[in-house]
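Chemist: Below: sequence and its predicted model.
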Amino acid sequence: GNSVTQMEGPVTLSEEAFLTINCTYTATGYPSLFWYVQYPGEGLQLLLKATKADDKGSNKGFEATYRKETTSFHLEKGSVQVSDSAVYFCALYGGATNKLIFGTGTLLAVQP
Amino acid sequence: GAGVSQSPSNKVTEKGKDVELRCDPISGHTALYWYRQSLGQGLEFLIYFQGNSAPDKSGLPSDRFSAERTGGSVSTLTIQRTQQEDSAVYLCASSLLPEPGASPLHFGNGTRLTVT
């Protein structure tokens, strides 16, 4: 079945450091891929998405490229801020049923 | 307040008791989802509603779990004869369109259930 694997956290970085959070997937067909973010005390919200191979999703300085050859959708940001501290979830939608499949989440802590 | 609202925010119950968790989706959203988040686990899909019907309830862990949605709006997740392994954060989400890829899911803050 479809599944998502993302790197374990927590990830601790200093402000202005480069961020990568790895995400790989297993799916039949051509899924859509998403990153959701959960800030402290808030509900999950969509950060970015990509719906086909080689698409790049971007938002708030974050980027992720849909790589079909490596079945990956790694999240990157060139210079993180303290306000980026949150839990990040990679997710997949595979079309057979109307549900998103989520990874386990990665906690990012950015220190000033 | 235009967000997804869940109540209660916290619930502590004794093993064997029944609990009801409520979700008020964003007005006009046709699709509604229930997920469960346990410590160290990802978000586990429970059930999906399109309007008042549930075309996919494949994630409900056992027959102790049930859910309904009325008026295309409010949804209630009921857990009967709670067990300690039911302890988790129960998340509700709604979306304007039925396909998650077509419109984003908007999540509530969840109900933290603790079974003692």
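Modeler: Nice, I can see it.
Chemist: how many neighbours does B:S87 have?
Modeler: Residues near B:S87, counting by other C-beta atoms under 10 Å in any protein chain shown, number 16. For glycine as for every other residue, the C-beta is placed from the backbone atoms N, C-alpha and C.
Chemist: so who does it touch?
Modeler: Residues near B:S87 by C-beta atoms under 8 Å, 6 or more residues apart in numbering or on different chains: B:38, B:113-115.
Chemist: Most neighbours of all those residues, which one?
Modeler: When neighbours are counted by other C-beta under 10 Å, B:L113 leads the contacts of B:S87 with 21 neighbours.
Chemist: Quick one: mean pLDDT for the helix or strand harbouring that residue?
Modeler: Secondary structure assigned from DSSP states H and E places B:L113 in strand B:111-115. Averaging pLDDT along strand B:111-115 yields 97.
Chemist: export that strand as PDB, just CAs?
Modeler: What follows is strand B:111-115, C-alpha atoms only, in PDB (Å, rounded to 0.1, in the frame of the first residue of the first chain):
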ATOM      1  CA  THR B 111      -9.000  16.400  21.400                       C
ATOM      2  CA  ARG B 112      -6.400  14.800  23.700                       C
ATOM      3  CA  LEU B 113      -8.000  11.700  25.100                       C
ATOM      4  CA  THR B 114      -6.400  10.000  28.100                       C
ATOM      5  CA  VAL B 115      -7.800   6.600  29.200                       C
END
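Chemist: check whether it contacts chain A.
Modeler: No. If you take C-beta under 8 Å from any C-beta of the partner chain as the test, strand B:111-115 misses chain A, and the best it gets is 11.8 Å.
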